[in-house]
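J.: Sequence first, then the predicted structure, then my questions.
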Amino acid sequence: MTEDIGEENENCPDEKMPFSHPPLTLRMPRVDGPSYKALKPDHALYAMASWVFHHGDEQPRKARRGLYIALERAWPRTQGDGKSAEHRRLVAYSMHCGGDTIGDIAFVFDVQLGTVQRWITETKHEIETEGDTSPRIEIAGDDEPENPASDLSYGRWLVRSAPELKAYLDAEAARLAALRG
């Protein structure tokens, strides 16, 4: 019954089950505050951040505030001066609105074109969502992180690969055989 379970899954060549684990970013309402690194799935804080992404808004106001205070203190910071980077983004956005091209702005700041485009996009997004001053966790891309509180997520964590599943089923079969025999 378990002979074919140990074979490699053609959809997952590394034998891991597919997960939705986009990088997560912490956004706090403080403009003058630090900037935060994007968390990748292998970071120790990722599961907590994913849970807060899915369930943070359901919490009472004081509990939600406490969650974000704890996350803010534990979340890794980016290198450099966040206030200086914020200022550069605002100046780049202002220059772009004033008619300067992305290439001109990149030349002035001595950065790549993609960096200027990111600055402008991020600043435009923050201006459009100006009324939302609550802390939040954002995702990179369209995929939502998996909800760590769901049964499916727990099952995937429990059985991480086909060889582990085969070993579990073999051990369970041996246990049942010992009980019968």
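T.: Cool, the structure landed. Keep in mind that what you see is a predicted model, and the values were worked out from it rather than measured. Residues are numbered from 1 along each chain as shown.
J.: just the strands in this structure please.
T.: All strands of the chain, identified by DSSP state E, fall at 24-27, 136-139.
J.: Now tell me what touches the last one from outside.
T.: What that stands for is strand 136-139. For strand 136-139, contacts defined as Cβ atoms under 8 Å, 6 or more residues apart in numbering pick out 22-27, 49, 52-53, 56, 71, 145. For the C-beta atoms, the positions are set from N, CA and C on the backbone; glycine is no exception.
J.: Out of those, flag the one nearest to residue 89.
T.: residue 27 (14.0 Å; Cβ to Cβ).
J.: Apart from its chain neighbours, what residue comes closest to the closest one?
T.: residue 136 (5.1 Å; Cβ to Cβ, 6 or more residues apart in numbering).
J.: Run a quick neighbour tally on the one you found.
T.: 17 (other Cβ atoms under 10 Å).
J.: Mind jotting down where the helices sit in the chain?
T.: Counting by DSSP state H, the segments of the chain that form helices are 46-55, 61-74, 82-97, 102-109, 113-128, 151-158, 162-180.
J.: buried ones in the second one?
T.: Right, helix 61-74. 64, 67-68, 71 (16 or more other Cβ atoms under 10 Å).
J.: repeat for the first one
T.: Under the neighbour-count criterion of 16+ other Cβ under 10 Å, helix 46-55 has 46-54 buried.
J.: Distance to residue 126 and pLDDT added to the residues you listed, as JSON lines?
T.: Listed next are these as JSON lines, based on distance: Cβ to Cβ, whole Å; pLDDT from 0 to 100:
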{"residue": "46", "distance to residue 126": "24", "pLDDT": "87"}
{"residue": "47", "distance to residue 126": "27", "pLDDT": "85"}
{"residue": "48", "distance to residue 126": "25", "pLDDT": "87"}
{"residue": "49", "distance to residue 126": "20", "pLDDT": "89"}
{"residue": "50", "distance to residue 126": "23", "pLDDT": "88"}
{"residue": "51", "distance to residue 126": "25", "pLDDT": "87"}
{"residue": "52", "distance to residue 126": "21", "pLDDT": "89"}
{"residue": "53", "distance to residue 126": "19", "pLDDT": "88"}
{"residue": "54", "distance to residue 126": "23", "pLDDT": "87"}
